[in-house]
Structures are given as structure tokens and as C-alpha cells.
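*Asks:* sequence first, then the predicted structure:
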Amino acid sequence: MKLDSLGDALQQVIDGATADSLESETLDFKRDPHTVTGRGAPGNPQARLIEELVDAVVCFANARGGRVVLGVDDRTPGQDAFIGTQADPAVLRNRIYGNTRPQLTVPIEEIEFGGARLLVITVPEGLDLVTDSKGKALSRRGTSCAPLTEDARRALAHERRNPDLTARPSDRPWKDVAPSAMRQTRHLLSQLVDLRNQMADLDDASLLRALNLIDRDDRLLIAGEILFCTPEQDMLDILTRPAAGAEPSVRRLREPLVLLLPHALDSVRATIDPEVAHVALAGGQEIALPDFSPIAVDEAVTNALVHRDYSRPERVVIDHSPNALRVWSPGGLPFGVTEDRLLSTVSTPRNATLMSAMQQLGLAERASRGIDRMFREQVRVGQQVPGIRADEYSVEIYFTSGAPNRAFAGYVATLPRNLRENVDAMLSLVHLCQRPTLTLADAARLLQVSDIEARDRLDALGAGTDALVERDGDARRGVRWRLRPSVASALGTAVQHRARASSARPRVEAHLKEYGWITNKTIRNMFDLDVQQATQILNELRAANVVIKDPDGPQRGPSIRWLPVKPSKHR
């Protein structure tokens, strides 16, 4: 939030203005009671000074923050206003700290101006409702401090504990909205098929009120500024590279969000190849597979622009090359969300007021969890699940593109809609195409839920006429699931571990012929597999009557020895 220029204000006092005429919501001047003489002199000037400063600090902290300049007579113009102060900054800081709740530490700077020593107290906006030590709460209104009612105290406490920058008043008046942005808004509303389309006929002020983007004092909210005002700096960089690592061409955009979002989506869609491969379906139908799912990319770009941290100055960056697409946005994940629970955590949007307005315009759905859709849609077109990197300062979503898995995409296209749009189903199928079984621990990690919920979800995918999985029959190894035989057959070459087992058989038989036995560890070393994949190969070879367990050795565990099946003798 911008504070008044202190240097300019002090110079205006020198030039003949009174300090009280320059006070604002974020600037206040005070005379040190120690310098008052005569009838108006307080009996205890130190107590009066502390009381006035604590009130001012509480007042600013419950508003937008501000600065208090101590040592200036606010009613005297010119040089004579600079009376100065001999107060000790350390003492003032300690007394303010001890008389505020929660206790506030405020920086106090000593400056020289107009031949006098002044103290500048900078008060940050509070993170919660702030009171003095007796429970009194004040808030800055214009150039004065007013007590907060009980309802106002509760409302401020709730707002501070659930911060939404976009719900705060903007420095810009509502008349700063760009005409082109308002035309776009009315066009969007006119396309809706419900009562919201009636808002398209409202004048600008009424439309902003209907979208809850103007407060009771007719101040434009920051959400309205973001959506409808031309920003003071660039908001988005689109980098396009002919090859990974090559020098990019850069397009930089500076527009109100209601214009920026569709322009960004159109720009990125234009770089996506919609037909890198085709899959023929039964009945003569054919589907085209893109290099990146347009739906997944739309979600990534929309999330970056809507959920970014607007208190940070950095731009959103979209970096695209033929085989990779990255979307970077400033600000970490919202409170309560972690990388390992992105699919399952329902969080309050960082910019709830902005999100609500966009939902009203049909640009975003409040209930949509874009991460789900990104994962699901990228997998559906035969590409890899997107990656997500997040830290305290930023979030990056990255997509990679290669030759689409046509067998997988073709199978998914034949599924009922309820399964095609089920992220649990898509992620489970991808895993079971790569590995023979899915353990309970892996299912919980994959779906980002608890073990109990993972078991319930996998069992649900194994129920009904369209079941995709079934429980593995070996209960000794714990709960696990595998593809139903009909599903594995329909997936064809998408089931990579089955193809690997088929190609492994000749080498296993050669090893058995030379050494007479083989173990799980030997299979792993021969084919660079994990324990489960090696076990699956041995189970398939046993089913094909190629190997049997050594009857004289261990029957369980990693030390099982497998022997070649001797051919039966016929008379």
C-alpha cells in the first residue's frame, strides 16, 4: 500500500501549509506534550505522549498502516511548526510494545528537518485486530481515529485472520476502469444463459456494485482494479522457443485481467499442435491427440493469473518450446496446501474476492480444482502427468510432451464419461500400465489421500460392470490391486510390464538352462526392474509352466529359488 511522500509533506509545511491540512489515512503529525507550556501543558507529559502514540499506532494498525511524525505542531504553518522532540526512540518503542495487544514492534527513525529533531514511527497494517492494553480498538477513518463497534471488531478480526488482498480498497478510483475492459465484461455477461446476463445493461458503477467490487464508501476494491484497470506494470511474459534452450521470442502483456486472461489463453493455444497423432476407434471413428492437452494448459494459465500473489511485483511467465511448457507464478501455495496433497486439499482461494467476481463473469468456477483437471486431461491424451514445483515464493507447473501413448488414449476414449473424467481412474490406470500391481501405500501416495480413503477409492474402481481393477489374490503381501484381465487386454501395448515379461522369457530360459535356477534378484539385475515387476515376471512364467519354486528351499521371501519345469514324459 502506498504511503504519502513524507519529504514532500514536510516541505509543504516549510512553504506555509499547516501539517493538519496534509494529514491523510496514512500520515499523522503530533506535537510532543513535553514542548507544550502555559495553560495547555499536561500534568504528566510523558504519560500523555505514550497515550497519544499508542492510540495512533492502534488506529493505523487497524486500518491500512501509516506513519506518525512526532515533533511537529499540526496547526502552525511554516518553519515555526518544527518544534522537535527529545523523546528516546527506544523508550517509545518499548512502551508501545507493552501497551498494544497483540504487542507491536514499530520501527522509529530519527530525522532532522526544518532545524528540528523529529521521530518518524512507521506502523504496519495489523495481522489481527489490534487494541491497547485496556482492550480499546480504534481505526483510521480519513484523518481521524474512531472507536470500532463490536460488529466492526468481529468483522476486522475475521478479515485479518483470513487475509484476502483483493478484498481491500484500491488506491485507484472506480472511474479508472478501462472502457475496453467494461465492454468485454458486458460481452461476457450477455453470453450467459441465466439472470446474470441482466447485469450487462447496468452502468459502470452499478455493474461494479453488482459484482461486489465497490465497498460501502464507493471505493474500488483491489479485485476490481485487477480485473478492470490498466495495470501500472507488465503482468505477463510469454516466451516462445523454437527448441529447448534456444533464445526465446518474448511477448509482454499489460492489460486488465478480464482482457489479459483470454488473450493469454489464445496465445498459448496457438502454439499447441492439436494433431501430433491419431487413434482409430471401433466403428470408424478417429480421435486426434495434441502435444499438450489444451484443457490442462488452460487450467494452468488461469490458475497462475487468478491465484498468484498480487502483493508481489513479479510477472507471471509462460515458457513454451516444442517439448516443454512451463507456467510460473509469484507467491507460494495457499495456506494449508502442500505439494503432496494438491489433489485432495480443498483450500480457500488466496484471492477469494477476485475469484468470486470471475465466477460471476463465467471466467472461473469457484468449486473447480484445476490441479485435478490438469492431471486428468494430460493423461487422457496419452501424455505424462504435469509436474509441480513450489516454494515460499513461487509455483511452477511444467508439462512435457513426447509421442502420445496412443494405445492408452484410445482405450480411455472408449470408457464411460464418469470414468474418463475420474482423476483416480486415470492415475491408477497409468500406474498399472507401468507396474503389475498397485499397493495400498502407493495408492495413498498416488491419489494423495489417507490409506483408508485410498482403499475405498480403489475398491470403488473395482466395483460394477465397468470395473477397471481387482484385488490381488495374494493376501500375504498386503492389500494391492491389479488390472482386470479384460482391461489389460483392451489396453494392449499400453501395458508396458506385460510386454517386458514376454520379451524377458527367452533370456530367463537361457539362464535356467545354464545355471539351473534363478531368483527375483537375478531378474531385477538382468532387466533393471523393481521387486514387484520381477515378481510379476516370475508369476507369469510359472503360469506359463516355465518355472516352479524349489520344493527344498524357502517358499516365501526374496531368497526363493526358481527351477525350470522339467518336460513331462509321454509313453
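*Replies:* Great, that's in hand. Numbering: from 1, shown residues only.
*Asks:* how about the helix or strand encompassing Ile523: buried residues?
*Replies:* Using DSSP states H and E, Ile523 maps to helix 520-527. Buried residues in helix 520-527, counting neighbours by 16 or more other C-beta atoms under 10 Å, are found at Asn520, Thr522, Ile523, Arg524, Phe527. To be clear about C-beta, it is placed using only N, CA and C from the backbone, and glycine gets the same treatment.
*Asks:* between those, which is closest to Ala178?
*Replies:* Checking those against Ala178 by C-beta to C-beta gives Phe527 as the nearest, at 62.0 Å.
*Asks:* quick one: Leu192 and Gln360 touch, right?
*Replies:* No. The criterion here is C-beta atoms under 8 Å, and Leu192 misses it with Gln360 at 9.2 Å.
*Asks:* who has more neighbours, those two?
*Replies:* Gln360 (20 against 15; other C-beta atoms under 10 Å).
*Asks:* can you tell me the helix or strand for the residue lying closest to Ala152 once chain neighbours are set aside?
*Replies:* Leaving aside its chain neighbours, Ala152 sits nearest to Ser139 (7.4 Å; criterion: C-beta to C-beta, 6 or more residues apart in numbering). Per DSSP H and E, Ser139 falls inside strand 138-141.
*Asks:* strand partners (parallel or antiparallel) of that strand?
*Replies:* Taking DSSP bridges as the criterion, strand 138-141 forms sheet pairs with strand 144-147 (antiparallel).
*Asks:* any idea of the mean pLDDT for the partner strand?
*Replies:* Average pLDDT, strand 144-147: 94.
*Asks:* now do the buried residues in the next helix or strand after that strand.
*Replies:* The helix or strand immediately downstream of strand 144-147 is helix 150-161, counting by DSSP H and E. By 16+ other C-beta under 10 Å, the buried positions in helix 150-161 come out as Arg153, Leu156, Ala157, Arg160.
*Asks:* ok, which pair from the buried residues of helix 520-527 is furthest apart?
*Replies:* Maximum distance among these (C-beta to C-beta): 11.4 Å, for Asn520 and Phe527.
*Asks:* name whatever forms a beta bridge with the residue nearest to Ala152.
*Replies:* Going by DSSP bridges, Ser139 forms beta bridges with Ala146.
*Asks:* thinking again about what came up before, pull out the buried positions in the strand holding Ser139.
*Replies:* Neighbour count says strand 138-141 has Leu138, Ser139, Arg140 buried, by 16+ other C-beta under 10 Å.
*Asks:* how far off centre is that strand?
*Replies:* Here strand 138-141 is found 33 Å from its chain centre; the criterion is C-alpha atoms, centre = their mean, to the nearest Å.
*Asks:* the one residue sitting closest to the centre of the chain and Glu453, how far apart?
*Replies:* Computing the C-alpha centroid of the chain and ranking residues by C-alpha atoms, centre = their mean puts Leu333 first, at 4.4 Å. From Leu333 across to Glu453, the span is 21 Å (C-beta to C-beta, to the nearest Å).
*Asks:* for the stretch 351-500 of the chain, give me the ranges with low pLDDT.
*Replies:* For the stretch 351-500 of the chain, applying pLDDT under 70 flags the ranges 365-369, 473-477, 498-500.
*Asks:* now do the helices in it.
*Replies:* 352-360, 370-380, 406-413, 417-420, 423-434, 440-447, 451-461, 485-491, 496-515 (DSSP state H, counting those that start in this stretch).
*Asks:* mind giving me the packing neighbours of the third one?
*Replies:* In this structure, helix 406-413 makes packing contacts with strand 277-280, strand 286-289, helix 370-380, helix 423-434, helix 485-491, judged by 3 or more C-beta pairs under 8 Å, 6 or more residues apart in numbering; DSSP states H and E.
*Asks:* repeat that for the second one.
*Replies:* For helix 370-380, the contact count by 3+ C-beta pairs under 8 Å, 6+ apart identifies helix 294-307, helix 406-413, helix 423-434 as packing neighbours.
*Asks:* now tabulate the helices of the stretch 351-500 of the chain in a markdown table and tack on distance to Glu255.
*Replies:* A markdown table is the format used below for the helices of the stretch 351-500 of the chain (distance: least, C-beta to C-beta, whole Å):
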| stretch | distance to Glu255 |
| --- | --- |
| helix 352-360 | 15 |
| helix 370-380 | 22 |
| helix 406-413 | 36 |
| helix 417-420 | 35 |
| helix 423-434 | 33 |
| helix 440-447 | 38 |
| helix 451-461 | 42 |
| helix 485-491 | 45 |
| helix 496-515 | 46 |
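*Asks:* now the element after the helix holding Ile523, going C-ward?
*Replies:* Next in sequence after helix 520-527, counting helices and strands by DSSP H and E, comes helix 531-543.
*Asks:* which residues sit against that following helix?
*Replies:* 435-437, 439, 497-498, 500-501, 504-505, 508, 520-521, 523-524, 527, 529, 547-549, 558, 562 (C-beta atoms under 8 Å, 6 or more residues apart in numbering).
*Asks:* so where is this structure shaky, pLDDT-wise?
*Replies:* In the chain (pLDDT under 70), the answer is 1-4, 162, 335-336, 347-348, 365-369, 473-477, 498-502, 528, 530, 568-571.
*Asks:* 50 instead, please
*Replies:* Scanning the chain for pLDDT under 50 picks out 1-4, 366-368, 571.
*Asks:* got the domain ranges for it?
*Replies:* 6-161, 174-228, 236-408, 416-484, 496-564 (automatic domain parsing).
*Asks:* next, the distance between the ends of the longest one.
*Replies:* Just to be clear, that refers to domain 236-408. End-to-end distance for domain 236-408, by C-alpha to C-alpha, to the nearest Å: 35 Å.
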